[in-house]
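Enquirer: This is a predicted model, with the sequence first.
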Amino acid sequence: MKCFNVLAPLLCLIPLSLAADSLYSVVNLGSLGTGAAQPTAINGSGTVAGFVTDPLGNQIPVTFDGRTNPLSGIGQANAINSTGTIAGTGYLGKSPYVVEWSSGTTTNLGVSGYGTAINDSGQVAGGMLTSGGQLHAFLWSNGALVDLGTLPGMTWSSAYGINSSGQVVGTSSYGGLSTAFVSNGTGLTAVSGSLGGINSYGMAINNQGVVVGNAQNAQGYLHAFESSATGMVDLGTLGGSQSYAYGINDAGTVVGYSYLAGNQSTHAFVYLGGVLIDLNTMLLPDDSGWTIDAAYGINARGDIAAVGTFNNQLYALELQPNVEAVLAADEPADPPPVPEPTPFLLTCGGIIVLWLVFRRRVRFLKDI
């Protein structure tokens, strides 16, 4: 992850009312079909990795570029670095192993478990199966495997994110208690603070060491958070009871998704300048017909890997920031038009499919 250098300072200066309809364009990367599927990561060149489900019910690792391009084997492509090297999970029967795809070559890294993150140095992180049958967070670097262990008193851990210096973020658990952690390559340290509840989950980390994920508040609901020097910052929701952060770049732009009021559907969000913003209010054009349901990654340029629905179909998307629109919005106008509120556009068919994907995603994360 690198800094979103061009847009981040500008976005903080622009009134949201002016920017509301003009900040992101939608690029359709390919259909997600009707099974469990999603984009998982995006690199600096805008290449998106993820997985889909084939007609036999197998999960297939893929890249998205307007088409769905299968990688070899069965499993999930969960991370991609700037060179296009992809890390993920493959399966031999029901046995998972950590796999890497690079320049048409598939490499079994020799680690039983799940690959979830990769940085530009080629370091891979995830969850490894120990000889005792437990899952431990690991760091794989230049052929060397480091078992990162668990937080004190806990028996299970898995990494979900890594930055350029090899700092790893993830979750450690025992008996229904889960705690977000950070590791510098030797052991785990709990992410400090809380949102008032017990459980927390670390999902991504940028090169400044800022962690994002989700944590329970005092009412027991999960809210997206980012770490700070004074503890966890609650990013709030888009009107519903829960929200989840999945990606952050070096400018501190956070992406994820949140339930809307009534908790029947979700919208993707971007967290900018201390404000949680519904990405559906920032599309170009504002009558695009898309509903952006969730976001899972963001790169240095601010491109976002997302899931959206159009005509009741679910697609992998890249949301591209529109620099010209941002610059135009920053110019004085005489007088500026008052935008109409953008309606929340949701389709029942898309939501049913999305719900199935999310349920399976939750099961996948619990497994690893």
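Expert: Everything's here; your move. Numbering: from 1, shown residues only.
Enquirer: and the closest residue to residue 154 other than its chain neighbours, how many neighbours does it have?
Expert: Residue nearest to residue 154 in three dimensions, not counting chain neighbours: residue 174, with 3.9 Å by C-beta to C-beta, 6 or more residues apart in numbering. (Glycine included, C-beta is placed from N, CA and C.) Other residues near residue 174 number 15, with proximity taken as other C-beta atoms under 10 Å.
Enquirer: per-residue pLDDT, residue 174?
Expert: Here, the pLDDT recorded for residue 174 equals 97.
Enquirer: Tell me what it is bridged to.
Expert: Following DSSP bridges, residue 174 is listed with bridge partners residue 177.
Enquirer: contacting residues around it?
Expert: Residue 174 makes contact with 150, 153, 154, 155, 156, according to C-beta atoms under 8 Å, 6 or more residues apart in numbering.
Enquirer: The helix or strand encompassing residue 88 - contacts with which helices or strands?
Expert: In this structure, residue 88 sits in strand 86-92 according to DSSP states H and E. Judged by 3 or more C-beta pairs under 8 Å, 6 or more residues apart in numbering; DSSP states H and E, strand 86-92 is in contact with strand 48-53, strand 59-64, strand 75-80, strand 95-102, strand 105-118, strand 124-129.
Enquirer: Just put those strands in JSON lines and tack on mean pLDDT.
Expert: Shown next, in JSON lines, are the helices and strands packed on strand 86-92 (pLDDT from 0 to 100):
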{"stretch": "strand 48-53", "mean pLDDT": "98"}
{"stretch": "strand 59-64", "mean pLDDT": "97"}
{"stretch": "strand 75-80", "mean pLDDT": "98"}
{"stretch": "strand 95-102", "mean pLDDT": "98"}
{"stretch": "strand 105-118", "mean pLDDT": "97"}
{"stretch": "strand 124-129", "mean pLDDT": "98"}
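Enquirer: Of all the ones you listed, which one is nearest residue 248?
Expert: Among these, strand 105-118 comes nearest to residue 248, with 12.9 Å by C-beta to C-beta.
Enquirer: quick one: strands adjacent to that closest one?
Expert: Assessed with DSSP bridges, strand 105-118 is paired to strand 95-102 (antiparallel), strand 124-129 (antiparallel).
Enquirer: Report the buried residues of the longest one.
Expert: Neighbour-count burial for strand 95-102 flags 96, 97, 98, 99, 100, 101 (criterion: 16 or more other C-beta atoms under 10 Å).
Enquirer: Send me that strand as PDB with only the CA atoms.
Expert: Extracted in PDB, the C-alpha atoms of strand 95-102 (Å, rounded to 0.1, in the frame of the first residue of the first chain):
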ATOM      1  CA  SER A  95      -6.600 -29.900   2.800                       C
ATOM      2  CA  PRO A  96      -5.600 -26.200   2.400                       C
ATOM      3  CA  TYR A  97      -2.100 -25.000   1.500                       C
ATOM      4  CA  VAL A  98      -0.600 -21.600   0.900                       C
ATOM      5  CA  VAL A  99       0.000 -20.900  -2.800                       C
ATOM      6  CA  GLU A 100       1.500 -18.200  -4.900                       C
ATOM      7  CA  TRP A 101       0.800 -17.300  -8.500                       C
ATOM      8  CA  SER A 102       3.400 -15.400 -10.500                       C
END
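Enquirer: Tabulate the strands paired with strand 105-118 (CSV), appending distance to residue 221.
Expert: Output for those, formatted as CSV (distance: least, C-beta to C-beta, whole Å):
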stretch, distance to residue 221
strand 95-102, 31
strand 124-129, 26
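Enquirer: how about the strands of the stretch 201-350 of the chain, start to end?
Expert: Chain-ordered strands for the stretch 201-350 of the chain, with DSSP state E, counting those that start in this stretch as the definition, fall at 211-217, 222-228, 231-234, 239-248, 254-260, 266-272, 275-278, 283-284, 291-298, 304-310, 313-321.
Enquirer: and these, which one's lowest on average pLDDT?
Expert: Within these, confidence is poorest for strand 283-284, with a mean of 87 (mean pLDDT).
Enquirer: from the middle of its chain, how far away would it be?
Expert: 21 Å (C-alpha atoms, centre = their mean, to the nearest Å).
Enquirer: That one packs against which elements?
Expert: strand 24-31.
Enquirer: I'd like the distance from the strand it packs on to the chain centre, please.
Expert: Put simply, strand 24-31 sits 16 Å off its chain's centre (C-alpha atoms, centre = their mean).
Enquirer: Next: stretch 296-307.
Expert: Its chain's C-alpha centre and that of stretch 296-307 lie 8 Å apart, by C-alpha atoms, centre = their mean.
Enquirer: quick one: the residue nearest to residue 154 from residue 152, how far?
Expert: 10 Å (C-beta to C-beta, to the nearest Å).
Enquirer: Equivalent analysis for residue 128, please.
Expert: 19 Å.
Enquirer: Same check on residue 194?
Expert: 17 Å.
Enquirer: quick one: which of those two has more around it?
Expert: When neighbours are counted by other C-beta under 10 Å, residue 194 and residue 152 differ, and residue 194 comes out ahead with 20 against 10.
Enquirer: Isn't the more buried one up against residue 215?
Expert: Yes. With contact defined as C-beta atoms under 8 Å, residue 194 counts as touching residue 215 (6.2 Å).
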